[in-house]
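In: sequence and predicted structure, then a few things I'm wondering about:
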Amino acid sequence: MYLNKAFIIGNLTRDPELKALPSGTKVCSFAVATNRYYKDKDGNRQDASEFHNIVAFAKLGELSAQYLKKGSQVYVEGRLQTRSWEGKDGEKKYRTEIIADTVQFGNRPTGAPSAAAPAGKKGAEAPDAPADKIDYPSEEINPDDIPF
């Protein structure tokens, strides 16, 4: 039995890029940063960051491009894949990516406009609204459009 599965929770390092393959299939790529904290041999707290390249296809890619922005928190579940190509200098290059099966959107970055905010009041919240309140889209959601 073999297993190729990756689970990460982190923040986007850049806005997602949505492109289309010649077949018309949409492809969204974005990068996610994760942090790890540990103590060194002297007992000092250190942190290490890792950067992961994510690729989402079809409807999952379209939704990721629509709702994710730089700084957004995201949970990604998928498989690792390494692709190779020949660079301009003739040298073989490699890139390891996580091909997303599941993407769950987390908290919005601070100052991001709310999808549910009325026109003209983007980013405005009620004064007594909790800071970690999740803003859901106001449009009707068709269950057949959900990619997971």
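Out: Yep, that arrived. Because the structure is a prediction, the values reported are computed rather than measured. Numbers count the residues shown, from 1 in each chain.

In: specify the local secondary structure of residue 24.
Out: Classification of residue 24 into helix, strand or coil gives coil, according to DSSP: H, G, I helix; E, B strand; the rest coil.

In: next one: residue 8
Out: The assignment at residue 8 comes out as strand when based on three-state DSSP.

In: what bridges to it?
Out: With beta bridges defined as DSSP bridges, residue 8 has these partners: residue 76.

In: residue 70: what's it in contact with?
Out: If you count contacts by Cβ atoms under 8 Å, 6 or more residues apart in numbering, residue 70 has them with 12, 13, 14, 15, 109. Backbone N, C-alpha and C define where each C-beta goes, glycine included.

In: what does residue 6 give?
Out: Contact partners of residue 6, counting by Cβ under 8 Å, 6+ apart, are 52, 76, 77, 78, 79, 80, 98.

In: please name the nearest non-neighbouring residue to it.
Out: Setting aside the residues directly before and after it, residue 6 is nearest to residue 98 in space (Cβ to Cβ, 6 or more residues apart in numbering), at 4.9 Å.
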